[in-house]
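*Asks:* Here is my input; please provide its structure:
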Amino acid sequence: MSQKISFVVPCYNEAESLQMLYDGIVANTPGDLEILFINDGSTDDTANVIRRLHEADGRVHLVSFRKNLGKSAALQAGFRNCTGDIVITMDADLQDDPTEIVHFIAALEEGYDVVSGWKFKRNDPLEKRLPSKLFNRVVARLSGVKLHDFNCGFKAYRREAVEAIDLYGELHRYIPVLAYRKGFRITEIKVHHNERKFGKSKYGFERYLRGFFDALTVAFISKFYDRPMHLFGRLGLLVTLIGLVLCIILTVQWFMGMPIGTRPLLMLGVLCIIVGIQFFITGFLGDMIVESTFRSRYDESHIKEKF
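*Replies:* Next comes the predicted model:
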């Protein structure tokens, strides 16, 4: 039995590209499909173009945000509203080549749950390629997931994988890491990367700063998401032991008649003990939060229009 394929395409001011992208997807996708365009607060004619595509083809759907929320929120909305057995994400700027779709499907049929694209020959300026290479190496090292291109938006998933992933912030860059932590099988395929035909990139230098902080977040959640005490407990134990050792040394010196009241080491030792206890408390609170709460920024109230 053929599987239904859902395409999730975040859009931000990409009106000129959408018709060509739609044509490419339809021409290169075998079997049943649906296309969800996520209008991420565009200020151009993006929403109207999608409405016209929907009128001509009922397989096209629109989820439109009231304001620009970012790619993670757009993907999360697509994941929660698609109905396909296979979910493929693509950028709307035509740099992802629809002829690669069959290769993603073939990789999923080999038994993988997530297939990530690798822009082997990336058609972007040098100032974008170099930071991206550094970013990919750092994330691979921190996460233990050996991929060459975490930031490629061209990916394919089995439905159970997208249902298990929750995105916020800039975590769309780390979907393979999140999936790996859930136990899904991940692979990577080389894909052709086109030059941008219309408009300009929506990302500036600030995304690297946000990406750095989110890399720390992913490094934490990939190892300590469900056991924060294992991180904060280790830090607390180390800092507390340092403080105890310093205080014991000063206590021995005090018994030997040496004044310690004005010694900086006394303040350092006491400070280490206090900070160590605070680390333990943070670990306990983290464990309690893991047990009782669930974090996700996706909220249906952000959606202005959906059909």
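*Asks:* Phi first, then psi, for the residue of the chain most remote from its centre.
*Replies:* In terms of distance from the mean C-alpha position of the chain, G257 ranks first, at 59.1 Å (Cα atoms, centre = their mean). Backbone dihedrals for G257, given as degrees, to the nearest 10, come out at phi 90, psi 10.
*Asks:* residue boundaries of the helices in the stretch 1-150 of the chain?
*Replies:* 15-27, 46-56, 71-81, 101-109, 126-143 (DSSP state H, counting those that start in this stretch).
*Asks:* Can you spell out which helices and strands pack onto the fourth one?
*Replies:* In other words, helix 101-109. Contacts defined by 3 or more Cβ pairs under 8 Å, 6 or more residues apart in numbering; DSSP states H and E place helix 101-109 against strand 86-89, strand 114-119, strand 155-158, strand 186-191. Placement of C-beta: from N, CA and C, glycine included.
*Asks:* Using JSON lines, please lay out those together with mean pLDDT.
*Replies:* Shown next, in JSON lines, are the helices and strands packed on helix 101-109 (pLDDT from 0 to 100):
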{"stretch": "strand 86-89", "mean pLDDT": "96"}
{"stretch": "strand 114-119", "mean pLDDT": "92"}
{"stretch": "strand 155-158", "mean pLDDT": "95"}
{"stretch": "strand 186-191", "mean pLDDT": "92"}
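*Asks:* any chance of those strands in JSON lines, with distance to G144 and mean neighbour count too?
*Replies:* JSON lines is the format used below for the helices and strands packed on helix 101-109 (distance: least, Cβ to Cβ, whole Å; neighbours: other Cβ atoms under 10 Å):
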{"stretch": "strand 86-89", "distance to G144": "23", "mean neighbour count": "26"}
{"stretch": "strand 114-119", "distance to G144": "15", "mean neighbour count": "24"}
{"stretch": "strand 155-158", "distance to G144": "19", "mean neighbour count": "26"}
{"stretch": "strand 186-191", "distance to G144": "11", "mean neighbour count": "18"}
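*Asks:* could I get the ones you listed as a markdown table with distance to V102?
*Replies:* Below are the helices and strands packed on helix 101-109 laid out as a markdown table (distance: least, Cβ to Cβ, whole Å):
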| stretch | distance to V102 |
| --- | --- |
| strand 86-89 | 11 |
| strand 114-119 | 12 |
| strand 155-158 | 11 |
| strand 186-191 | 11 |
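*Asks:* of all the helices of the stretch 1-150 of the chain, which lies closest to L36?
*Replies:* helix 71-81 (4.9 Å; Cβ to Cβ).
*Asks:* Now do the closest one: which elements does it pack against?
*Replies:* Packing partners of helix 71-81 (3+ Cβ pairs under 8 Å, 6+ apart): strand 5-11, strand 33-39, strand 60-65, strand 86-89.
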